[in-house]
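Engineer: pasted the sequence and its predicted model underneath.
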Amino acid sequence: MNEATSRLFDLSDDVAVVTGAGRGIGEGIAHTLADAGAAVVCAARRADEVERVAADIRAKGGRAVAMPTDVTDNSAVEALAQTAISEFGHLDIWINNAGGSPIQAPLTQLDPAEWDATMRLNLTSIWVCTNTAARLMRDGGRIVNISSKAAVNTVMGSGHYAAAKAAVNSLTVTYAKELGPRIRVNCIMPGAVPTEIMMKAMRLQDDDLPKLEKVLRMPMRRLGTPDDLGQAVLYFVSPASSWVTGQILGVDGGL
């Protein structure tokens with residue numbers, strides 16, 4: 001790779017916040033951004049998990065700190081953003097990855113409390129995080145929302161989650177128009193990635209995964225990995241995508 005091409009994916013001057021970074025897709029994104037040179041603030045509710053991810057990044061020679069954060073707590077989100085600035089001097093990248101719902105139920109039978117909790121975690125928190133990041137970012141900031149293919153494909157029993165993610169897609173496009181050109185905003189819709197929360201929601205065990213691959217009949221003939229999502233995020237936050245905003249990309253093996 002020549003020097004000019006290498007610079008297109010160089011994040012060595014950037015500071016990134018990744019929510020939901022304690023495991024799964026968020027962990028993969030945090031490692032990918034750190035490998036590209038960014039200083040990373042790893043945020044999630046479980047302190048032990050984000051401490052481990054940050055330590056793993058530092059062990060590889062990267063820059064990372066852990067910040068236990070509940071993204072449904074507005075004051076915690078503000079503290080997260082301020083930590084990025086106090087630790088590394090500025091804020092450039094924000095990845096809205098925290099989310100999910102382990103509950104499956106028909107919409108007519110869903111507990112209203114679960115509807116409210118799902119919206120608060122998967123939609124309202126992205127609104128709060130994005131507003132916070134946009135206020136504190138340097139010019140040239142980049143925000144990436146992690147949505148889901150459930151936003152555009154019917155998933156029986158997950159209508160509440162799908163509705164929240166469809167709204168995230170809409171927020172992405174609106175924010176791209178409202179925050180441009182100072183900040184770019186894009187979105188990724190992961191397909192089937194066997195994270196802990198997906199396995200719980202679908203009541204799957206590891207032994208079920210080969211069968212799931214066959215049932216889904218994806219052109220790529222395999223399930224996704226956190227690294228697959230990390231590489232897509234890297235494109236959206238790198239200079240290589242400097243003229244790209246308001247886009248919603250399915251990273252799903254062709255599902």
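Structural biologist: It's in.
Engineer: ranges for the helices of the chain?
Structural biologist: 3-7, 24-35, 47-59, 74-88, 112-119, 125-136, 159-179, 196-201, 209-216, 226-237 (DSSP state H).
Engineer: mind putting those helices into TSV with distance to residue 152?
Structural biologist: Bear in mind the C-beta positions are built from the backbone N, C-alpha and C, glycine included. Shown next, in TSV, are these (distance: least, Cβ to Cβ, whole Å):
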stretch	distance to residue 152
helix 3-7	33
helix 24-35	18
helix 47-59	30
helix 74-88	27
helix 112-119	18
helix 125-136	17
helix 159-179	7
helix 196-201	17
helix 209-216	15
helix 226-237	16
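Engineer: most packed of those helices?
Structural biologist: Sort the helices of the chain by mean neighbour count, taking mean count of other Cβ atoms under 10 Å, and helix 24-35 sits at the top with a mean of 26.
Engineer: what lies in contact with that one?
Structural biologist: 11, 14, 16, 18-21, 40, 42, 44, 53, 56-57, 60, 62-64, 93, 95, 97-98, 146, 190, 193, 195-197, 225-231, 233-234, 237 (Cβ atoms under 8 Å, 6 or more residues apart in numbering).
Engineer: can you show me the CA trace of it as PDB?
Structural biologist: These are the backbone C-alpha positions of helix 24-35, laid out as PDB (Å, rounded to 0.1, in the frame of the first residue of the first chain):
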ATOM      1  CA  GLY A  24     -19.400  -8.000  20.500                       C
ATOM      2  CA  ILE A  25     -19.700  -5.500  17.700                       C
ATOM      3  CA  GLY A  26     -18.600  -2.600  19.900                       C
ATOM      4  CA  GLU A  27     -15.500  -4.400  21.000                       C
ATOM      5  CA  GLY A  28     -14.600  -5.100  17.300                       C
ATOM      6  CA  ILE A  29     -15.200  -1.500  16.400                       C
ATOM      7  CA  ALA A  30     -13.000  -0.200  19.200                       C
ATOM      8  CA  HIS A  31     -10.100  -2.500  18.200                       C
ATOM      9  CA  THR A  32     -10.400  -1.500  14.500                       C
ATOM     10  CA  LEU A  33     -10.300   2.200  15.300                       C
ATOM     11  CA  ALA A  34      -7.400   1.800  17.700                       C
ATOM     12  CA  ASP A  35      -5.500  -0.200  15.100                       C
END
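Engineer: what pLDDT, on average, does it get?
Structural biologist: In this model, helix 24-35 has a mean pLDDT of 97.
Engineer: quick one: closest of the helices of the chain to residue 104.
Structural biologist: With Cβ to Cβ as the measure, helix 196-201 is the member of the helices of the chain nearest residue 104 (5.8 Å).
Engineer: any stretches of the stretch 151-255 of the chain with poor pLDDT?
Structural biologist: Along the stretch 151-255 of the chain, the model assigns pLDDT under 70 to residues 194-218, 220-221.
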